[in-house]
Every structure is written in structure tokens, then in C-alpha cells.
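> Sequence unavailable; structure follows:
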């Protein structure tokens, strides 16, 4: 009887927290993000200037990127580029998550969502190339103050208007038969885009969806409702990519560094040919895979795989060491960088760029309704963010995971050489954030006998050991 009563109390507690989080994260308070006209803006390796070429004025130093403002310099190009990145946020009314009764990730799943966004950027580079932008990016509606996103609010509005409530913002795009070669290529890329989004759908069958990530987290002692750190998420993403059975994902894998060290031989091995079982997978319950004739910009040799390189690091003690600010800027200035997942205490986010001493990020703390990605024309609008946010470098938590995309072994050689130069210790930075080593990790036998999770010390700790924490990050 006592066990039954305890279970009922836990069920009520879970239901109460779910309701509270849905209310808490279903309001979007629009915060104005200002950008300087006199400083360049970097977004995942691309540089934008908001100051027009013929504008020599320095009197007005700030500029807010919005639909109402006149276009200044590259502002429109920046907005389109930013809005084309995939945005994964909290969702509600999901199918129950593995080993749980939870139907929402509000309040705890932000790092998983940030990890999904970083992986989505890697897949965008893989399938579409860095120059790709979504044709409907500029038509996204801004997140206005006091916007309800819960289905309950939508049903209320629909009942007052006498019309059925939409399952997502906006109307689904109308696909027209391709005509010219240019239209055919655009149509093909849109198919890639839609398939890519479907891989991150919130259903048990989605290859890289929340349900799959939570299930993989169970093997690391994490459950739905727990908070996931950036290093743990790196390992979960690696397993998700490796275990994905969709043929469209056969040409890519993932690698996680060991003890802040990237072992080149291990990465080169990862670039090897895809497993036969994965490449010829049939009968998968995943969404349709992209066509086999990839765009030239996204071509990869058939005998190799692209590799997503994930590097968990710690850029300081309790706070981020200011000496690493320039390092972070250098990393985010590279086109093969897929961003940084981290955040500030109790709030994870996805860093995609910077201006001056402020980071530009995408925020997963916004609750949206479930979208059924199994339908052919599911709406895409809620998977793209119209509004960038900024945060001072000084507020960044030191625990984070940096991501890179390497298309081939030859590409990795160039990347490792360039990053080695960036990682050279300066007068301020006495220690590099991470290093490259020749050979395999096993050759150094630094962690023999340890599980893959414990090899990532000090980023993943044994839960039986005591640890001091600030917010949701473990401190050394």
C-alpha cells in the first residue's frame, strides 16, 4: 500500500511539474537584440557587416535586425542565414518518453535540444552546404510579446473564431513540379531540408529525435526529466548517429574526443566506409531518405564517411576564463565549426556566432506544440527561429562542447592543421582548450579499463562521488 501511495504521489508530482513548465515556457517575451553597425557579425563562419558601404556615419552605433527596419549592408543576408538554421525547442503533447510518463521536455531538455541543433547544422553542411538558405526564411513571423504556443490556447482561439486550430504556425508550403534545372535543384534541396527536419521529429521512430536521445541516455544513467550536461549529450549524439539506420545517414558518423584530446588516427578511421548493414538498411520506420544524387556541394566519396567531431571542454573554473574569449571567437569564425553547446547556469543554449564581446545564440527555452513529421507536408515554420539573441561572453558557463564537421580524411588534415594554429597557447592562454595527437587513443593507454563515459573525466563524474555544483554544471 505504501508503494502504491508513493507511486501516486510521484505521478501527481510529475503531472504538476509538466503543467507548470508548459505554462512557464509557453510565453515568449520578445527581447530586442541590438547589433552594432560598426562591427562585423560572425555566424558559423560567415561574416556580415550591417553598415552600408556608402554610410560613413558613426553617430548611431546600434541596429536591431527586424522586418520593420531598413536594410543596412548585409543585415538582410544575416537574417536569412540565421533563420535558415534549424531551431529545436521544448515541445508538449509528445508521445510518452522512454521509461517515463512525461509528455514534454519543458524545464529539463534544453541541452538535448541544443545538441540536436548542433547536429542539425552538421547535417545541413553534409546535405545542403554552408551557402544554403531556406526560401521562406524571410517570411517567418517574429515572436511577439505574450505569444501563446500551447495547444490549449490555440484551441481556445479556434473555438472563438469557429475554425479548426492549426498544429503549427503558418501554412504548409505548396510543392510545385520542378521545371528548369534551377527549379529542380531548389526542389531537391527542399526535399533534403524537409527530410532533415523529420529526422529530429518528436516521435519514437525519428532517427535523431528526443525519444531516441532519451533512450540512449538511459544507458548512461540518465532518465527523462534529468538534466543533461554538454559532455553527456556529446556521447548521446555520437551513439544516435552511429545507430541510425536510415540510408540517408549512412554517409556520416560522429567522434567524441578523449580528455580534451582529438586522436587523428581515430578520426581518420571514422572516415572509413559506412557499415554495410547501415548503408543497405531496409524497412526502416524512419521518414523517407533524401535522393541518392546529392548536390555537388554536398558530395562525399562513396568509400568514406563524413565525421562530426565533438570536443567537450572546460574553459575555466567556476566562470569562463576571459583569456579564452578570443579562442571562442576564432572557433566560431570557421565555416566547418557547427557551433558550441553550453549556456549559463540552469539554461543551455546553442552558440552560433558573435559580435564584439557578445555571443549570438539560439534559445531552446520556448514551448511549442507537437508536430507530426510523418505527414508529407508538415509545417516547417516552428523549426526555424526569426529572432537571434545575444549574451556577453562573461556569462558563458565554462562547461561546453564544441562541434566541427569534416567531410573527408583530406578535409580533416586541413582542419587539424588550421585548428592547431588556433590552439597555439598565447601569452594569456597558458593551456590550449584541447589538443590534437597523432595515433589512436588506445595507443596512449591513459584510460585502460574505463567505460567510454568515464574516459571523458573530468566532464562526466561518477554519480556516487560527491561533487560541488553551480546551477546545473559540475565544478572541479
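Perfect, thanks for sending it. No experiment lies behind these values; they were computed from the predicted model shown. Numbering: from 1, shown residues only.

> where does the stretch 51-200 of the chain dip in pLDDT?
Applying pLDDT under 70 to the stretch 51-200 of the chain flags the ranges 52-73, 143-179.

> all helices for it, in order.
For the stretch 51-200 of the chain, the helices defined by DSSP state H, counting those that start in this stretch occupy 75-84, 110-127, 151-161, 181-199.

> which of these sits most buried?
With neighbours taken as mean count of other Cβ atoms under 10 Å, the helices of the stretch 51-200 of the chain reach their highest mean count in helix 110-127, at a mean of 26. Quick note: C-beta positions are derived from backbone N, CA and C, even for glycine.

> now the angle from that helix to helix 75-84?
Counting by axes from the mean of the first three to the mean of the last three Cα atoms, to 10 degrees, helix 110-127 lies at 110 degrees to helix 75-84.

> Return the list of helices and strands in contact with helix 110-127.
Contacts defined by 3 or more Cβ pairs under 8 Å, 6 or more residues apart in numbering; DSSP states H and E place helix 110-127 against helix 181-199, helix 210-218, helix 230-243, strand 252-256, strand 306-314, strand 337-344, strand 347-355, strand 399-406.

> And the contacts of the fourth one?
Read it as strand 252-256. Applying Cβ atoms under 8 Å, 6 or more residues apart in numbering, the contact partners of strand 252-256 are 122-123, 126, 234-235, 237-238, 241-242, 262, 266-267, 270, 274, 305-312, 456.

> Kindly report the same for the third one.
Residues lying outside helix 230-243 but in contact with it, judged by Cβ under 8 Å, 6+ apart, are 111-112, 114-115, 118-119, 207-208, 212-213, 216-217, 219-220, 222, 228, 249, 252-256, 308, 310-312, 341-342, 348, 399-401, 452-453, 456, 459-460.

> low-confidence ranges in the stretch 251-400 of the chain?
273-303.

> Now with 50, please.
Along the stretch 251-400 of the chain, the model assigns pLDDT under 50 to residues 277, 279-298.

> Would you mind listing which of the contacts of helix 230-243 are buried?
By neighbour count, with 16 or more other Cβ atoms under 10 Å, those hold 111-112, 114-115, 118-119, 207-208, 212-213, 216-217, 220, 222, 228, 249, 252-256, 308, 310-312, 341-342, 348, 399-401, 453, 456, 459-460 as buried.

> and the gap between the residue nearest to residue 430 when sequence neighbours are not counted and residue 421?
Distances taken as Cβ to Cβ, 6 or more residues apart in numbering put residue 323 closest to residue 430, at 8.0 Å, once the chain neighbours are dropped. From residue 323 across to residue 421, the span is 17 Å (Cβ to Cβ, to the nearest Å).

> ok, now residue 214?
According to Cβ to Cβ, residue 214 and residue 421 sit 39 Å apart.

> what's the answer for residue 350, then?
Distance, residue 350 to residue 421, using Cβ to Cβ: 26 Å.

> which one of those two has more residues nearby?
The neighbour count for residue 350 versus residue 421, taken as other Cβ atoms under 10 Å, is higher for residue 350 (31 against 8).

> Can you give me every residue that contacts the more buried one?
Taking Cβ under 8 Å, 6+ apart, we find residue 350 in contact with 114, 117, 118, 339, 340, 341, 361, 362, 364.

> Closest to residue 192 out of those residues?
Nearest to residue 192 among the contacts of residue 350: residue 117, at 17.2 Å, using Cβ to Cβ.

> List the residues that contact that closest one.
85, 86, 87, 88, 339, 341, 350, 362, 364.

> quick one: contacts of stretch 431-440?
When contacts are defined by Cβ under 8 Å, 6+ apart, stretch 431-440 is touched by residues 257, 260-266, 269, 311, 313, 315, 324, 327, 402, 416, 419-420, 423-425, 444.

> Among those, which ones are in helices?
264, 265, 266, 269, 327, 416, 419, 420, 444 (DSSP state H).

> Would you check which pair of those lies furthest apart?
Taking Cβ to Cβ as the measure, the ones in helices among the contacts of stretch 431-440 span a maximum distance of 27.6 Å, between 269 and 327.

> Quick check: the gap between residue 225 and residue 216.
Distance from residue 225 to residue 216, by Cβ to Cβ: 16 Å.

> quick one: contacts for residue 123?
Listed by Cβ under 8 Å, 6+ apart, the contact set of residue 123 reads 196, 199, 252.

> and those residues as CSV, adding distance to residue 103?
Below are the contacts of residue 123 laid out as CSV (distance: Cβ to Cβ, whole Å):
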residue, distance to residue 103
196, 25
199, 21
252, 30
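
> Between these, which sits nearest residue 394?
Within those, proximity to residue 394 (Cβ to Cβ) peaks at residue 196, which comes in at 34.4 Å.

> Sounds good, over and out.
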